[in-house]
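Student: predicted model and sequence follow; I will ask about them next.
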Amino acid sequence: MIDSSAFQGKTAAYFTLGCKLNFSETSTFGKMLHDMGVKTARTDEQADICIINTCSVTEVADHKCRQAIHRLVRNNPNAFVVVTGCYAQLEPETVSNIDGVDLVLGSDEKANLIQFLSDAWSGSKKDESLHQHFSVKTKDIKSFAPSCSRGNRTRYFLKVQDGCDYFCTYCTIPFARGFSRNPTIASLIAQAESAASEGGKEIVLTGVNIGDFGRTTGETFIDLVKALDHVEGIHRFRISSLEPDLLEDSLIDYCATSRAFMPHFHIPLQSGSDSVLKLMHRRYDSALFAHKINLIKEKIPDAFIGVDVMVGTRGETPEYFEETYRFLDSLDVKQLHVFPYSERPGTSALSIPYVVSDKDKKLRSKRLLELSDRKTHEFYSKHIGCDAEVLFEKAPRGKSMHGFTKNYIRVELPAEYSSVEMDNKLINVELVGFNFDNSALIAKLK
């Protein structure tokens, strides 16, 4: 039984680390609490409840999680502090022993956040005897917490899948998120229709391994895409990230003529060396990856393609890194998301003998980031002087609005032309040149 009266008049502060999926889930936590009568705390006031949604993809992420927890506890000394997310699942005892943390919820338990809070909340003060953590073992993570929310953003993020069955040698995500699972297409259509009824124009499909959609329902990802494409009111859908071995040629063909799925793909590569891909236990080789890129460019010539690449993983010799660099240089992709490898406890990568120094990781990251900047700049440059439809997002007073074209070019509208009435509006503009730091193209209203 949930005691709704315990939530009335309370305020909550939220902090999220990690991926878009985490941000989507935090936004849903906020909506759930808002429906219970909890308001979001202003930046200048202390909150009654603090929710920290954590990440554990790297050692640096773990450190940032601990820093964030300490900071929120310090700034909100009387708050009831809840920590959830991947770090909470992997290290529940470590997190629960941090001074000021009252409740730690793992991946299976966070779906019942409101019930846990109702059970734990004691009047207007914290019950100092609590200090509890709840997390089941990876094999027992079964629940799926629905999430379709935008928080303070314009775009909605629709969680279509959770968990992963891949167990790449460097990764802890399957241990933190559990095995692959998903809701029904019908339930996701209902959430998308609800977003449209609230005025949403764009939805980003999120998950851990979304191409694996259907594992628990017998449906397929392309079935989901085709169904969502018919949701009235939603003008744009984007696919956040799709493993190359799960990116079917038929899906590329469909997106090429789709009503609402944008010419925008994000595909994890991790390494352009087949030897390193084998060490990582990835389920494809460079030839398959190149085929997917070439097919996208053949079917959708103006598509934006982003790529994840990891540098300095165990076993990545200088020769293997050069293979990766040459391979990426040869591909018609537009942006690289570069991640230095981080050793994670319990992963099988720790048994691979060749270790890359931190210095070499930084040098390799720098080279790939420079390559990424060149590719992005070239892509943007080709669109100067062109017309484009942009979905704009509101900006702080006096600041420039920004938005994205269909093919994910970031566009900036000078502050003197920005207005709140343009938030969440699809507007035709002319792209006239780069902004001051080359991070966006400047828009001229037509």
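Tutor: Noted; the coordinates are in hand. Numbers count the residues shown, from 1 in each chain.

Student: make it CA atoms for all contacts and neighbour counts henceforth
Tutor: Will do.

Student: ok, residues contacting stretch 391-407?
Tutor: With CA atoms under 8 Å, 6 or more residues apart in numbering as the contact definition, stretch 391-407 has outside contacts at 153-154, 236, 262-264, 302-304, 388-390, 410-416, 418-420, 422-427.

Student: restricted to helices, list the residues you listed.
Tutor: Here DSSP state H is the test, and these give no hits in helices at all.

Student: and the residues you listed, which of them are buried?
Tutor: Taking 16 or more other CA atoms under 10 Å as the criterion, what is buried in the contacts of stretch 391-407 is 154, 236, 262-264, 303-304, 388-390, 410-414, 418-419, 423-427.

Student: quick one: the lengthiest helix in the chain to chain centroid distance?
Tutor: Scanning the chain for the longest helix, with DSSP H as the assignment, gives helix 358-381. Relative to its chain's centre, helix 358-381 lies at 21 Å (CA atoms, centre = their mean, to the nearest Å).

Student: go on, stretch 412-423?
Tutor: Computed by CA atoms, centre = their mean, the separation of stretch 412-423 from the middle of its chain amounts to 26 Å.

Student: can you show me the strands along the stretch 101-250 of the chain?
Tutor: Ranges of strands within the stretch 101-250 of the chain are 103-105, 132-134, 148-149, 156-159, 202-206, 236-239, based on DSSP state E, counting those that start in this stretch.

Student: so which of those strands comes closest to Tyr341?
Tutor: Between Tyr341 and the strands of the stretch 101-250 of the chain, the shortest separation by CA to CA is 23.2 Å, and it involves strand 202-206.

Student: so what strands line up beside the closest one?
Tutor: Listed by DSSP bridges, the sheet partners of strand 202-206 and their directions read strand 156-159 (parallel), strand 236-239 (parallel).

Student: out of those strands, which is the most enclosed?
Tutor: strand 156-159 (a mean of 26; mean count of other CA atoms under 10 Å).

Student: what's the mean pLDDT across stretch 6-18?
Tutor: Stretch 6-18 shows a mean pLDDT of 92 in the predicted model.

Student: and if you look at stretch 109-127?
Tutor: Along stretch 109-127, the predicted confidence averages to a pLDDT of 73.

Student: go on, stretch 235-245?
Tutor: On average, the pLDDT along stretch 235-245 is 97.

Student: what distance do you get for Asp437 to Thr40?
Tutor: 33 Å (CA to CA, to the nearest Å).

Student: who has more neighbours, the two?
Tutor: Ranked by neighbour count (other CA atoms under 10 Å), Asp437 and Thr40 place Thr40 first, with 18 against 7.

Student: may I have the phi/psi pair for the closest residue to that one other than its chain neighbours?
Tutor: Closest residue to Thr40 in three dimensions, ignoring its sequence neighbours and counting by CA to CA, 6 or more residues apart in numbering: Ala12, at 5.0 Å. Taking degrees, to the nearest 10, you get phi -130, psi 140 for the backbone angles of Ala12.

Student: for Ala12, list the residues it contacts.
Tutor: Under the criterion of CA under 8 Å, 6+ apart, the contact list for Ala12 reads Val38, Lys39, Thr40, Ala41, Ala47, Asp48, Ile49, Cys50, Ile51.

Student: beta partners for it?
Tutor: Beta bridges link Ala12 to Thr40, Ile49, judged by DSSP bridges.

Student: roughly how far apart are it and Ser107?
Tutor: Ala12 sits 21 Å away from Ser107 when distances are taken as CA to CA.
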